[in-house]
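**Q** Everything below, folded, please.
(chains A and B)
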Amino acid sequence: MTLAYRALFQLYPRDHRTCFGAEMQSVFEEAAQEHRSRGWTAYLRFALAEYAGLVVGSGTAWAVKLAGRGYVYDQRLIRPANAAALPGEVQEAQDRLTANLTGLLHAISHHQFLKARLYAAEEQKAREELRLLREKYNIAESGDLV
Amino acid sequence: MRHVVEQPDAAAPKPLTEPVLLILMSLAAQPRHGYALIKDIETLSNHRVRLSTGTLYGALRRLLDDLWIERFEQEDTSRDKQAYRLTAEGRRQLQLELERLKQLTRVGIARLRMNEA
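**A** Numbering: from 1, shown residues only, chains lettered A, B, ... in the order given. Okay, here's the model as predicted:
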């Protein structure tokens, strides 16, 4: 059943797979284990619902992608190379700033101005938070520990 | 000639879908990761709704895009899990939706009573 899940998961666009692949697979396995213990009928019903969810979900993901909405959310993909050396909360704040900037640019380029305003406000907050954390840990603008 | 179609109110929030509403309600109490969300939503809906991973992550993706929720790494004793929490905007949208539903319920009950009287 896991193999069938993995195969159907390939229907999703690549960015969705990169962003949520491991997580969806792990949630599926956790849920599958629980349903297996309830008997074969419950497990089969669960598996069929999951497969249908993947087919519908991948269709929606493609529609979103082709309409030019949505972007890669996995902040780890766009994390700077030196990020691993930084304290966890600084990494998180940097990720939040990068995600908000990406979202802001995406919203502006797609003329979604209400959304852009929201991203801009969040970006300001994230920038200030990062500034305070840099002060706390004595980190220069470049990201190097001083 | 250019035809301009007037929108009723472009700024008015659209009603939320049931999965989205349930996800926001679940995250209003505390941050959760994917499987915990599925389990909590089952409980919240009195075992009427069981989200598939496809539906759950489709909704989470939209909510992340709208900045109603955010993703963070939850440190777990056994493994690192991606968890989700409501943002201030998400909380505001949930409040708006609950107000809308409350208003709708009030009107619906009043209409029922009117018919019974």
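**Q** now chain B, which segments are flagged as low pLDDT?
**A** Along chain B, segments meeting pLDDT under 70 span B:1-13, B:75-81, B:117.
**Q** which helix in it runs the most residues?
**A** Under DSSP state H, the helix in chain B containing the largest number of residues is helix B:88-116.
**Q** Is chain A within reach of that one?
**A** Yes. Helix B:88-116 lies within reach of chain A by Cβ under 8 Å from any Cβ of the partner chain, at residue B:89. C-betas here are computed from N, CA, C, even on glycine.
**Q** Tell me the gap between that helix and the middle of its chain.
**A** Between the centre of helix B:88-116 and the centre of its host chain there is 15 Å, according to Cα atoms, centre = their mean, to the nearest Å.
**Q** how about that helix: buried residues?
**A** Neighbour-count burial for helix B:88-116, counted by 16 or more other Cβ atoms under 10 Å in any protein chain shown, picks out B:90, B:93, B:94, B:97.
**Q** Likewise for stretch B:34-43?
**A** Buried residues in stretch B:34-43, defined by neighbour count with 16+ other Cβ under 10 Å: B:34, B:35, B:36, B:37, B:38, B:39, B:40, B:41.
**Q** list the helices and strands the longest helix of chain B packs on?
**A** Contacts defined by 3 or more Cβ pairs under 8 Å, 6 or more residues apart in numbering or on different chains; DSSP states H and E place helix B:88-116 against helix B:18-29.
**Q** Mind listing what's buried along the helix it packs on?
**A** Applying a neighbour-count criterion of 16+ other Cβ under 10 Å, one finds B:19, B:20, B:21, B:22, B:23, B:24, B:25, B:26, B:27 buried in helix B:18-29.
**Q** List just the nearest of those to residue B:116.
**A** The shortest approach to residue B:116 among these belongs to residue B:21, at 29.4 Å (Cβ to Cβ).
**Q** ok, now how distant is the closest one from chain A?
**A** Distance from residue B:21 to chain A, counting by Cβ to the nearest Cβ, to the nearest Å: 18 Å.
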